[in-house]
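A.B. asks: No letters, just coordinates:
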C-alpha cells in the first residue's frame, strides 16, 4: 500500500520560517574538520578483513544475514565477536 500524501497549507507567518531561512554572512560557520584520515579508515578496513577471514562458514552466513536484515545500522566493528577478536590481537 503506497503511503498517503498529506497536503498542508502554509501559514502566513510562522516561527518555522526562522529555522529554515537562509543563513546570513555573519551566521556562516567554518567547514567541519575531516572526521577520519584515510589511513585510519584503511587500517580499520584491513582489520575487518582480517577478522572476516577468521570466521567459520556458519559465522560468515550469520554475518551475511545481519548485513541483509539490518542494512546500514549494522556495524561489524561494534559486534561482540569483533571486539573480542580485537582485544586478543
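C.D. replies: Yep, it's here. Computed from a prediction, not measured in an experiment: that's the story for all the values here.

A.B. asks: OK, contacts around residue 67?
C.D. replies: residue 74 (Cβ atoms under 8 Å, 6 or more residues apart in numbering). All C-beta atoms are positioned from the backbone trio N, CA, C, and that covers glycine.

A.B. asks: Okay, and it sits in which element?
C.D. replies: Residue 67 belongs to helix 57-70 when elements are defined using DSSP states H and E.

A.B. asks: Buried ones in that helix, by neighbour count?
C.D. replies: For helix 57-70, a neighbour-count test (16 or more other Cβ atoms under 10 Å) marks residue 63 as buried.

A.B. asks: Past that helix, which element shows up next along the chain?
C.D. replies: Under the assignment DSSP H and E, the closest C-terminal helix or strand after helix 57-70 is helix 80-88.

A.B. asks: May I see the buried residues of that following helix?
C.D. replies: If you call a residue buried by 16+ other Cβ under 10 Å, then helix 80-88 has these buried ones: residue 82.

A.B. asks: what angle separates that helix from helix 57-70?
C.D. replies: Inter-element angle recorded for helix 80-88 and helix 57-70: 120 degrees (by axes from the mean of the first three to the mean of the last three Cα atoms, to 10 degrees).

A.B. asks: Run through the neighbouring helices and strands of helix 80-88.
C.D. replies: Helix 80-88 is packed against helix 38-54, with contacts defined by 3 or more Cβ pairs under 8 Å, 6 or more residues apart in numbering; DSSP states H and E.

A.B. asks: average model confidence for the helix it packs on?
C.D. replies: Confidence for helix 38-54, expressed as mean pLDDT, is 83.
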